[in-house]
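Asker: Fold the following, please.
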Amino acid sequence: MKPAGLATKQHFAQDPAAALEQLMESFGAIVMRTAYFYSGDRHLAEDISQETFLRAYRKWTSFRGDSSVKTWLTTIAINVCRDKMGVRMYTEQPTDPSRMEQGRTISVEEEALERMAKSEVLQHVLRLPLPYQEALYLYYYLELSTREIAEAVASPEGTVRNRLHRAREALAREMNKEDVQI
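Answerer: Residues are numbered from 1 along each chain as shown. Here you go, the predicted model:
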């Protein structure tokens, strides 16, 4: 969901410092959830978020505005995740990124309870291959279009549509498989 009136660069301040404040306020939660989705670690996600906004600050004047600001920041966040972690995402399954509360430290006990309370759909999504997880997350959690996802992950739009189609089929199979076993 794009914030009202803040979809393009023209809606933000031209000064990088002022724009940074606006970016952090408008997209801080999205960047943090994306970093957490990729890393599975709250502290690493905070570092990734800071690095994302630092890069955005440095590149603000050279950002042409060819894509939405949300897509641009998501691309930076994904690249920072890949830089910090290599191609792999997380080794553990994180809690549902939409449940994270910005600025709140989660205790070990709360984290354990959150993991137990994870949504059933997310559990199934996390069993899928990494490209499918990524496509579903960007499309359904961040509500990016296939064109925006293609820009963010540097893949052709046809590849993104194919991954989404296959991911939906794989998710349906995964969910039906478990329903049969119960």
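
Asker: Just to check, Ala77 is in contact with Thr34?
Answerer: Yes: between Ala77 and Thr34 there is a contact at 4.7 Å, judged by Cβ atoms under 8 Å. All C-beta spots, glycine's among them, are computed from the backbone N, C-alpha and C.

Asker: Show me which parts of stretch 57-73 are buried, residue by residue.
Answerer: Residues Trp60, Phe63, Ser67, Ser68, Val69, Lys70, Thr71, Trp72, Leu73 are the ones in stretch 57-73 that count as buried (16 or more other Cβ atoms under 10 Å).

Asker: Tell me which residues are up against that stretch.
Answerer: For stretch 57-73, contacts defined as Cβ atoms under 8 Å, 6 or more residues apart in numbering pick out 2, 6-12, 16-17, 19-20, 23, 26-27, 30-31, 52, 56, 75-76, 142, 144, 148, 151-152.

Asker: Type out the ChimeraX command that picks the buried ones from the residues you listed.
Answerer: Per 16+ other Cβ under 10 Å, the buried members of those correspond to this ChimeraX selection:
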select :6,9,12,16,19,20,23,26,27,30,31,52,56,75,76,142,144,148,151,152
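
Asker: does Glu25 count as helix, strand or coil?
Answerer: helix (DSSP: H, G, I helix; E, B strand; the rest coil).

Asker: mind listing what it touches?
Answerer: So Glu25 contacts nothing (Cβ under 8 Å, 6+ apart).

Asker: Now do the same for it: its pLDDT.
Answerer: pLDDT, Glu25: 93.

Asker: Could you do His124 as well?
Answerer: Reading off the model, His124 has pLDDT 80.

Asker: For the strand or helix carrying it, buried residues please.
Answerer: For His124, the element it lies in under DSSP states H and E is helix 120-125. Neighbour counts using 16+ other Cβ under 10 Å place Leu122, His124, Val125 of helix 120-125 among the buried residues.

Asker: Could you check how far the first one is from Glu51?
Answerer: Taking Cβ to Cβ, to the nearest Å as the criterion, Leu122 is separated from Glu51 by 25 Å.

Asker: The second one too?
Answerer: With distances defined as Cβ to Cβ, the gap from His124 to Glu51 amounts to 31 Å.

Asker: Check Pro156 too.
Answerer: 27 Å.

Asker: Neighbour count for those two, which is higher?
Answerer: Glu51 (19 against 9; other Cβ atoms under 10 Å).

Asker: Am I right that the more buried one is in contact with Val80?
Answerer: Yes: using Cβ under 8 Å, Glu51 is in contact with Val80, at 4.8 Å.

Asker: sorry, back to before: same question for the very next helix or strand once past the helix holding His124: list its buried residues.
Answerer: The helix or strand immediately downstream of helix 120-125 is helix 130-136, counting by DSSP H and E. Under the neighbour-count criterion of 16+ other Cβ under 10 Å, helix 130-136 has Pro131, Tyr132, Gln133, Glu134, Ala135, Leu136 buried.
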